[in-house]
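Peer 1: Predicted model and sequence below, questions to follow.
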Amino acid sequence: MWSYLANPERFERMARVLVPALWALAAVLFLIGIPWALVFSPPDYQQSDTVRIMYVHVPAAWLSMAAYAGMGIASFVYFVWRHNLADLAARALAPAGAVFAFVCLATGSIWGRPMWGAWWVWDARLTSMLVLFLLFLGYIALRAAIEDERLSARSGAILAMAGLINLPVIKFSVDWWNTLHQPASVLRFDGPTIHASQLWPLLIMALAFTMLLGALALTAMRTQIARRRADMLLRRREQRLEAEELKAGELKS
C-alpha cells in the first residue's frame, strides 16, 4: 500500500484529478455555508450575533489539529519507511496548518473580548492551541534552517511526532482543568448539544475548510515535486556541462 501511494507518477495522476475537484467543492460549500452562517442562522440567545464567529473559529481549530495529525502521521511513515512522498505531505501540511491555527487564535481572541472581557487569557485550551501554532512555526523554521535534505526531513519528522502529544491536551483540556473555554458541544460521545439550526451551517463550513485544506496540501505537494524535478534536471545539466568541459580540456592537452 505504501509503495503504491509513494509512487510520484501515481500521485501526480491522482492529484491532477483531485485538486480541481477539491477547489470546486470548497468554493461551492463556501457559497452555501457563508450566507447560511452569517445571515440565515439564528443568533444565540446569550451571545447574540457574536456567535457567528464560531463558523470560522471552530472549523479553523478542527482543521489545524487535523493538519498536525496528518503531519505527524506522514512524518511517522517517512521516519519508518523513508517514503519521500510522506515527507512532502508533512511539509505541505505545515504552512496550511499554521494559518488555520493562527485564524483560530485570532478569531478566538475577537470572540473572547465581548464574552470574557479580555482579548487573551492563559486558559488551558488557548495555551495548548498557542503551543500548536508554535509547533507549526518551529517545524517550518527547522526544515528551512537545515540545508541537508535528509537531515532536514529526519529532524522535522522527530519534531512533528513529538508534538502529537499536544493534540489530546487541546481536545481534553476543558475536561481536565478549570477553564473559561466552553466544553465541547459538537464532538461528544453523547451527541451534539448545539441546535440543528446552528449545527448544519457549522458542519458545512467545516467541510468547506476541509476541502480547502486538501486542495492547499495537494497543490503544495505538486509544487514541491515539480521543484525537485527541476533541481534534479538542473544538476544533471551542470554535471553534463562539467563532463563536456573536462573532456574538451583533455582533448586539447
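Peer 2: The structure has been received and is ready for your questions. Numbering: from 1, shown residues only.
Peer 1: Centroid-nearest residue for this structure?
Peer 2: Residue closest to the average C-alpha location in the chain (CA atoms, centre = their mean): residue 97, at 2.8 Å.
Peer 1: for the stretch 101-250 of the chain, what are the low-confidence residue spans?
Peer 2: Applying pLDDT under 70 to the stretch 101-250 of the chain flags the ranges 187-191, 250.
Peer 1: can you do 50?
Peer 2: Counting by pLDDT under 50, not a single residue of the stretch 101-250 of the chain qualifies.
Peer 1: That one: helices as residue ranges?
Peer 2: Under the criterion DSSP state H, counting those that start in this stretch, the stretch 101-250 of the chain contains helices at 124-145, 149-163, 166-176, 196-252.
Peer 1: What is the first one packed up against?
Peer 2: For helix 124-145, the packing partners by 3 or more CB pairs under 8 Å, 6 or more residues apart in numbering; DSSP states H and E come out as helix 54-81, helix 84-116, helix 149-163, helix 166-176. Quick note: C-beta positions are derived from backbone N, CA and C, even for glycine.
Peer 1: Buried residues of it, list them for me.
Peer 2: 124-130, 132-133, 135-136, 138-140, 142-143 (16 or more other CB atoms under 10 Å).
Peer 1: Closest one of the residues you listed to residue 26?
Peer 2: Proximity of those to residue 26 (CB to CB) peaks at residue 136, which lies at 21.0 Å.
Peer 1: so the closest one makes contact with residue 90?
Peer 2: No - the criterion here is CB atoms under 8 Å, and residue 136 misses it with residue 90 at 11.2 Å.
Peer 1: Distance check, residue 75 against residue 119.
Peer 2: Counting by CB to CB, to the nearest Å, the gap between residue 75 and residue 119 amounts to 34 Å.
Peer 1: ok, these two, which is more surrounded?
Peer 2: residue 75 (28 against 10; other CB atoms under 10 Å).
Peer 1: which residues sit in contact with that one?
Peer 2: By CB atoms under 8 Å, 6 or more residues apart in numbering, the contact set of residue 75 is 86, 87, 90, 156, 157, 158, 160, 161.
Peer 1: Can you tell me which of these lies closest to residue 115?
Peer 2: When the contacts of residue 75 are compared for distance to residue 115 (CB to CB), residue 160 wins out at 33.2 Å.
Peer 1: Quickly note the distance from that closest one to residue 140.
Peer 2: In this view, residue 160 and residue 140 are 11 Å apart by CB to CB.
Peer 1: Tell me how far the nearest residue to residue 26 once chain neighbours are set aside lies from residue 119.
Peer 2: Closest residue to residue 26 apart from its sequence neighbours, by CB to CB, 6 or more residues apart in numbering: residue 211 at 3.8 Å. Note on residue 211: its distance to residue 119, by CB to CB, is 31 Å.
Peer 1: and if you look at residue 90?
Peer 2: Look at residue 90 and residue 119: by CB to CB, they are 33 Å apart.
Peer 1: swap in residue 125?
Peer 2: 15 Å.
Peer 1: With residue 147 instead?
Peer 2: 39 Å.
Peer 1: ditto for residue 221
Peer 2: Distance of residue 221 to residue 119, computed by CB to CB: 36 Å.
Peer 1: One more: residue 171?
Peer 2: Going from residue 171 to residue 119 by CB to CB gives 24 Å.
Peer 1: State the number of residues packed around residue 167.
Peer 2: For residue 167, the neighbour count with other CB under 10 Å is 16.
Peer 1: For the remainder of this discussion, apply numbering that starts at 790.
Peer 2: Got it, the first residue is 790 from now on, which makes the last one we talked about residue 956.
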